[in-house]
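Engineer: need a structure here:
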Amino acid sequence: MRSTFMGLETAKRGMFTQQSALYTTGHNISNANTPGYSRQRVNFSTTEPYPAVGLNRPNIPGQMGTGVEAGSVQRIRDSFIDQQYRTENNKLGYWSARADAYTKVEDIINEPSEQGLSKSINELWDSLQTLSGSPEDNGARGVVLERIQSVTDTFNYMSNSLKAIKDDFGKQINVTEDEVNSLLKQLNAVNQQIKEIEPNGYLPNDLYDKRDFLVDELSQFLNFSIQRIDNKGNSLKNAEGTYKISLLNENGGVVGDLLNGDGYTQLAIQDNGDRITSIDFASYTKDEIPGAAAYAGSELISGANGNVNFSQGEIRGLIEAYGYEQGGATAGIYKNMLNDLDTMASALATEFNRVHALGKDLDGDNGMALFVNAGSAGTISLDPTAEEKDIAASKNGDAGDGENALDLAKVFSTTGIIGTSSVHSFYESVIGKLGVDSQQASRTENNVEVLRASVVTNRESISSVSLDEEMTNLIKFQHAYNGAARMITVVDEMLDKIINGMGVAGR
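Structural biologist: Got it, this is the predicted structure:
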């Protein structure tokens, strides 16, 4: 037989459940502007109907509903869109680092312009042409020395500036390493909290959000895969479990675990002062006790193809800019540019000095070496003892002979000085490649940024808090709460009639 108080219990459940929904809605509204927060909802489910199946069940026309209960409080999240976001964020971190590196190289090289190396070389060529027509003119000779000085100063400036920016990228790698290690440490702490809470039958939604927010940040620096590990116990079926994060190499293969239920790793990027030689990983338990090296990363620097065999992301972009070990030598955006400048400076100085030695100065002596310390663009200079009379403009020492000055001017366009190229064509090829690589990096960065913005829009349409929607839910849940409360009033009046108004005949 049905209990007289059955209606009260049904209404009470309704009030409690709607109250839970109101509290959750309030939580959503409070966190509408919290970074990384995902809106939450209460999953309503009907309670067991009356009567249950059994031999002693009452003989009534059918089962009657007994109300509603809050099954779980679930956050609204799409794991597929999360993966899309992290993929695009990882690409953006990589291409942003490359684009930034190329932009800074272009700012230093500054071509074409009125202050670049090309302009300095052209001015030296012009001064030699002028000298060939007036070989005894000290004014023309002085201009040649000034133009040589300008060329060496430009080489020095470009080389030293590139080295300074390269060192800045090395420091940025150290800062990024610390940031990544901090993220892994925080992720481990959140992972452990989730591991302790889930087996008790709870959904730690706010911890899920915090963990995913940290993972989103980590995706900017490294490429990794995520596997969810069930925490068992009394975990709910929609519990998200513990994250196992595995580092990937450039081919998408798993290198090792960055994070799992037992602990985490810390990066140790090895820098010899000129290039990154290896990336090592020290394993830590959940209690932060360092263990043996989890895996060494020397193979993550130089693969068989000579590229950085390391997961894509900002760290790889920074390493490719700063420099990395390749076959015992150093490769990288800045190192390659410095090598090209050194090659150009050395070849120009060697050929110019050779041709100059074939001529005669005003004293009738063979030309001295005007370029000294020409081993690199950073050290090349004009011989400080050189004077106007020391310029060997003449081929044979005759008065008015400026043939050797013309030969010196031809040095810049003579092929075979740098490989099969001339000084001019070699520098043009360097500038051309720089422009193409920079344009590709900037274009790809912009494209990836657009794609990421599109993914962010899709993600926010699912997970972000809409105040209009939450206000509508508030009204809906409030009316449902009021309805359940009104139901209690009705049942109370019924019980009052039964208890106080029935069975009083004959009083």
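Engineer: Is Ile148 in contact with Trp125, as I believe?
Structural biologist: No - taking contacts as CB atoms under 8 Å, Ile148 lies outside contact range of Trp125: 11.4 Å. The way it works is simple: take the backbone N, C-alpha and C, and place the C-beta from them, glycine included.
Engineer: Give me the more crowded residue out of those two.
Structural biologist: Ile148 (23 against 18; other CB atoms under 10 Å).
Engineer: which residue packs closest to the more buried one, ignoring adjacent ones?
Structural biologist: Leu382 (5.0 Å; CB to CB, 6 or more residues apart in numbering).
Engineer: Just give me the neighbour total for that neighbour.
Structural biologist: Leu382, neighbours per other CB under 10 Å, totals 19.
Engineer: ok, now which ones touch it?
Structural biologist: Leu382 makes contact with Leu145, Ile148, Gln149, Thr152, Leu370, Phe371, Val372, according to CB atoms under 8 Å, 6 or more residues apart in numbering.
Engineer: JSON lines please, covering those and showing distance to Asn188, pLDDT and secondary structure.
Structural biologist: As requested, the contacts of Leu382 are exported to JSON lines (distance: CB to CB, whole Å; pLDDT from 0 to 100; DSSP: H, G, I helix; E, B strand; the rest coil):
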{"residue": "Leu145", "distance to Asn188": "65", "pLDDT": "96", "secondary structure": "helix"}
{"residue": "Ile148", "distance to Asn188": "61", "pLDDT": "96", "secondary structure": "helix"}
{"residue": "Gln149", "distance to Asn188": "59", "pLDDT": "96", "secondary structure": "helix"}
{"residue": "Thr152", "distance to Asn188": "54", "pLDDT": "97", "secondary structure": "helix"}
{"residue": "Leu370", "distance to Asn188": "63", "pLDDT": "96", "secondary structure": "coil"}
{"residue": "Phe371", "distance to Asn188": "58", "pLDDT": "96", "secondary structure": "strand"}
{"residue": "Val372", "distance to Asn188": "58", "pLDDT": "96", "secondary structure": "strand"}
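Engineer: Redo those as a markdown table? Include distance to Ile418.
Structural biologist: Shown next, in a markdown table, are the contacts of Leu382 (distance: CB to CB, whole Å):
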| residue | distance to Ile418 |
| --- | --- |
| Leu145 | 24 |
| Ile148 | 19 |
| Gln149 | 22 |
| Thr152 | 18 |
| Leu370 | 19 |
| Phe371 | 15 |
| Val372 | 20 |
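Engineer: Pull the most distant pair out of those.
Structural biologist: Greatest spatial distance in the contacts of Leu382: Leu145 and Val372, 13.3 Å, computed using CB to CB.
Engineer: on that earlier part again, buried subset of the contacts of Leu382?
Structural biologist: Neighbour-count burial (16 or more other CB atoms under 10 Å) applied to those gives Leu145, Ile148, Gln149, Thr152, Leu370, Phe371, Val372.
Engineer: so which of the residues you listed would you say is closest to Ser421?
Structural biologist: Phe371 (19.1 Å).
Engineer: following the worst-scoring helix or strand of the chain on mean pLDDT, which helix or strand comes up?
Structural biologist: For the chain, counting by mean pLDDT, DSSP states H and E, strand 290-295 ranks last in confidence among helices and strands (a mean of 57). Next in sequence after strand 290-295, counting helices and strands by DSSP states H and E, comes helix 314-322.
Engineer: what's next to the helix or strand just after that next one, contact-wise?
Structural biologist: Per DSSP H and E, the first helix or strand lying C-terminal to helix 314-322 is strand 324-326. The contact list for strand 324-326, computed with CB under 8 Å, 6+ apart, reads Arg275, Ile276, Thr277, Ser278, Ile301, Ser302, Gly306, Val308, Thr330, Ala331, Gly332.
Engineer: Dump stretch 350-361 to PDB, restricted to CA.
Structural biologist: C-alpha atoms of stretch 350-361 as PDB (Å, rounded to 0.1, in the frame of the first residue of the first chain):
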ATOM      1  CA  THR A 350      91.300  36.800 -49.300                       C
ATOM      2  CA  GLU A 351      90.600  37.600 -53.000                       C
ATOM      3  CA  PHE A 352      90.800  41.400 -52.400                       C
ATOM      4  CA  ASN A 353      94.200  41.000 -50.700                       C
ATOM      5  CA  ARG A 354      95.400  38.700 -53.500                       C
ATOM      6  CA  VAL A 355      94.500  41.100 -56.300                       C
ATOM      7  CA  HIS A 356      95.800  44.000 -54.300                       C
ATOM      8  CA  ALA A 357      99.200  42.300 -53.900                       C
ATOM      9  CA  LEU A 358      99.500  42.200 -57.700                       C
ATOM     10  CA  GLY A 359      99.500  45.900 -58.000                       C
ATOM     11  CA  LYS A 360     101.900  48.700 -57.100                       C
ATOM     12  CA  ASP A 361     101.400  51.500 -54.500                       C
END
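Engineer: and for that stretch, what are the contacting residues?
Structural biologist: 366-371, 374, 389-397, 403-405, 407-408, 411, 414, 417, 423.
Engineer: what comes up buried for that stretch?
Structural biologist: Buried, per 16+ other CB under 10 Å, within stretch 350-361: Glu351, Phe352, Asn353, Val355, His356, Gly359, Lys360, Asp361.
Engineer: Strands along the protein, start to end?
Structural biologist: 40-46, 68-75, 224-229, 242-248, 254-260, 263-271, 276-285, 290-295, 324-326, 329-331, 371-372, 381-382 (DSSP state E).
Engineer: Dump these to JSON lines, plus distance to Ser161.
Structural biologist: Shown next, in JSON lines, are those (distance: least, CB to CB, whole Å):
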{"stretch": "strand 40-46", "distance to Ser161": "53"}
{"stretch": "strand 68-75", "distance to Ser161": "50"}
{"stretch": "strand 224-229", "distance to Ser161": "36"}
{"stretch": "strand 242-248", "distance to Ser161": "35"}
{"stretch": "strand 254-260", "distance to Ser161": "36"}
{"stretch": "strand 263-271", "distance to Ser161": "21"}
{"stretch": "strand 276-285", "distance to Ser161": "21"}
{"stretch": "strand 290-295", "distance to Ser161": "37"}
{"stretch": "strand 324-326", "distance to Ser161": "21"}
{"stretch": "strand 329-331", "distance to Ser161": "18"}
{"stretch": "strand 371-372", "distance to Ser161": "21"}
{"stretch": "strand 381-382", "distance to Ser161": "17"}
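Engineer: hmm, back to that, tell me the bridge partners for the residue nearest to Ile148.
Structural biologist: Phe371 (DSSP bridges).
Engineer: do the same with Tyr284
Structural biologist: Tyr284 has these beta-bridge partners by DSSP bridges: Tyr264, Pro290.
Engineer: Look up how far Pro49 lies from it.
Structural biologist: Separation of Tyr284 from Pro49 (CB to CB, to the nearest Å) stands at 52 Å.
Engineer: who's more crowded, those two?
Structural biologist: Applying other CB under 10 Å to Tyr284 and Pro49 shows that Tyr284 carries more neighbours, namely 20 against 12.
Engineer: What ranges in the stretch 51-200 of the chain fall below the confidence cut-off?
Structural biologist: 54-55 (pLDDT under 70).
Engineer: so who does Gly252 touch?
Structural biologist: By CB under 8 Å, 6+ apart, the contact set of Gly252 is Asn223.
Engineer: Ramachandran angles for it?
Structural biologist: phi 90, psi 10 (degrees, to the nearest 10).
Engineer: where does it land on pLDDT?
Structural biologist: On the pLDDT scale, Gly252 is placed at 85.
Engineer: just Gly306 next, same as before
Structural biologist: Taking Gly306 on its own, its pLDDT is 62.
Engineer: do the same with Lys286
Structural biologist: What the model reports as pLDDT for Lys286 is 68.
Engineer: How about Gly506?
Structural biologist: For Gly506, the model assigns a pLDDT of 59.
Engineer: now Ala296
Structural biologist: The per-residue pLDDT reported for Ala296 equals 63.
Engineer: Restricting to C-alpha, output stretch 241-260 in CSV.
Structural biologist: Extracted C-alpha coordinates of stretch 241-260, given in CSV (Å, rounded to 0.1, in the frame of the first residue of the first chain):
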residue,chain,number,x,y,z
GLY,A,241,40.7,9.4,-14.7
THR,A,242,44.4,10.2,-14.4
TYR,A,243,46.3,11.7,-17.3
LYS,A,244,49.3,9.9,-18.8
ILE,A,245,51.2,12.4,-21.0
SER,A,246,53.8,11.0,-23.4
LEU,A,247,56.4,13.1,-25.3
LEU,A,248,56.4,12.6,-29.0
ASN,A,249,59.3,13.0,-31.4
GLU,A,250,59.1,14.7,-34.8
ASN,A,251,57.6,11.6,-36.4
GLY,A,252,54.9,11.2,-33.8
GLY,A,253,56.6,8.3,-32.0
VAL,A,254,56.5,8.1,-28.3
VAL,A,255,59.8,8.9,-26.6
GLY,A,256,58.7,8.5,-23.0
ASP,A,257,56.3,9.6,-20.3
LEU,A,258,56.3,13.2,-19.1
LEU,A,259,53.5,12.5,-16.6
ASN,A,260,51.7,9.5,-15.2
